[in-house]
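Chemist: based on what follows, work out the 3D shape:
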Amino acid sequence: MSDNNASLEKTNLFKPITLGALELQNRVVYAPTTRLRNTKDNIATDIMIDYYDKRSQTPGSYIIFESALIGPEGGLVPYKPGVFTDRQCEALKKVTDVIHQNGCYVGVQVFAPGRTGSIPLHKELGLPLVAPTKGLFHNKQTETAFNESAGGSIEFVELTEAQIIQLQDKFVEACSNAITKAGFDIVELHASSGFLIEQFLSPLTNHRTDKYGGSVENRCRFLFELIDKLIYHKDVGPKRLSVRISPWSYHNMTYPEDMNPLDHPAVEYGKEIALHMEYLKYSGLELAYLSVIEPRVSGNSDRTLNVGESNVPIIKLWSGKLIRSGGYITNYRNKVDTVLAGDGEYAALKNDVNADDRTLIGILRAVTSNPDFIERLKSGKVLDNYQRKYFYTHQVEGYLTFDNYKKDGSVNTIDLSEDILNSTGVPLA
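Modeler: Numbering: from 1, shown residues only. From the prediction side, this is the model:
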């Protein structure tokens, strides 16, 4: 073990911490990672049980499950999980049960895509796409990501104030389902990636002139009202609730080409969210955590930082628990097949987790190819490269083919026979 690896083991990363009501034994979080191994109608498949079983090997760890839909009223996307029907929740309960049996905890992102929903699917079902502001939208990015044929354009419907209240109630129902029926420990409101909550937050997509539009305070109203409803809900409450933001992301958003990077509007409403959460904490209603994506990442892509881009102005406004994710561990950028502890991303990880006694580190891509990632980080073992080409497919290959570290140095993959591939319930159409 090198000195770099030893110093990683001695960081705050492997110290216990409380998250809401959860007593964690380390601060390594498997951040939400969309894998599209659900059925087209949003039901988790059995192969996901095996996937999360292998990634919950270290008791006392926290996993944030991938984003789950609240229902057709907020938009639909195929192959993602849902928490709006009993059948969906029953399938998810099998996944959360195995995670809990392994002594780990699991949260879930709850979201509505709004105008970024699947155009072909909504046309097929005869459902409108809703948004804070009406308009015409061609969602080429989503169509490509979810392997659908081009869906053209679709008119999305501007939500009335009455419909906004109804949609908030759908969020609340989905969060309640996630906890009481699907067995999740914490719900995370997905306020990033250009989905519906961020569509309300951003002046790029919210041109309303009523109390839900205009000023940053008004644009945050949808989220803050939703938080209030969940804080006082009998199945949720503040300790089971969290919020995720991505202040430097361009995902599903179109920014003016001449915009100064430091005038990014998501930083403005990120500050407002942090201040609101801090006020709730001061009032005795502290949320479980704030999840913040680093400026190194935008959606599912890496990005080059501009001078001055930082989450510090937001982070310093919130004194509660913090999960920082994005680009901490990436495939090694030389012509070798491994990620080496002590790489530049590890330096950022050490710095951020040791900056205070409240920060946890979310790791995404590296976990897909390293089921025993926590133990590998702690002991300084080499990590296997992740394989992007399998991230958004619907097959077992690239999903269940990675194994724990082999002491003899052999390849850490599993050969899957044709019989296994045909018997695992691969979620095709």
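Chemist: and the one helix or strand Ile99 maps to, which residues are buried?
Modeler: Here Ile99 sits within helix 86-101, counting by DSSP states H and E. Across helix 86-101, burial judged by 16 or more other Cβ atoms under 10 Å covers Gln88, Cys89, Ala91, Leu92, Lys94, Val95, Thr96, Val98, Ile99. Bear in mind the C-beta positions are built from the backbone N, C-alpha and C, glycine included.
Chemist: can I get those residues in TSV including distance to Gly74?
Modeler: Shown next, in TSV, are the buried residues of helix 86-101 (distance: Cβ to Cβ, whole Å):
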residue	distance to Gly74
Gln88	14
Cys89	17
Ala91	20
Leu92	18
Lys94	25
Val95	22
Thr96	22
Val98	28
Ile99	26
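Chemist: name the nearest of those residues relative to Lys389.
Modeler: Val95 (24.3 Å; Cβ to Cβ).
Chemist: now do the same contact list for Pro247.
Modeler: With contact set as Cβ atoms under 8 Å, 6 or more residues apart in numbering, Pro247 has these partners: His264, Ala266, Val267, Gly270, Val292, Ile293, Pro295, Asn311, Ile314.
Chemist: that should have said Ser61, apologies.
Modeler: Leu24, Gln25, Asn26, Val28, Val29, Tyr30, Cys104, Tyr105, Ile374.
Chemist: which stretches in the stretch 151-300 of the chain count as helices?
Modeler: Listed in chain order, the helices of the stretch 151-300 of the chain (DSSP state H, counting those that start in this stretch) span 161-180, 196-201, 216-219, 221-231, 265-282.
Chemist: quick one: closest of those to Glu9.
Modeler: helix 265-282 (31.2 Å).
Chemist: circling back: what lies in contact with the helix holding Ile99?
Modeler: Helix 86-101 is contacted from outside by 42-46, 48-49, 52-53, 56, 63, 65, 68, 81-83, 105-106, 108, 177-178, 181-184, using Cβ under 8 Å, 6+ apart.
Chemist: distance from it to the middle of the chain?
Modeler: Put simply, helix 86-101 sits 18 Å off its chain's centre (Cα atoms, centre = their mean, to the nearest Å).
Chemist: okay, angle between that helix and helix 161-180 too, please.
Modeler: With axes from the mean of the first three to the mean of the last three Cα atoms, to 10 degrees as the basis, helix 86-101 and helix 161-180 are set at 40 degrees to each other.
Chemist: so after helix 86-101, what's the next helix or strand?
Modeler: With secondary structure assigned by DSSP H and E, helix 86-101 is succeeded by strand 105-111.
Chemist: within the sheet, what are the partner strands of that next one, with directions?
Modeler: strand 62-69 (parallel), strand 186-190 (parallel) (DSSP bridges).
Chemist: ok, now how distant is the closest residue to Tyr346 other than its chain neighbours from Leu383?
Modeler: Once flanking residues are discounted, Tyr346 sits nearest to Leu8: 6.5 Å by Cβ to Cβ, 6 or more residues apart in numbering. Leu8 sits at a distance of 12 Å from Leu383 (criterion: Cβ to Cβ, to the nearest Å).
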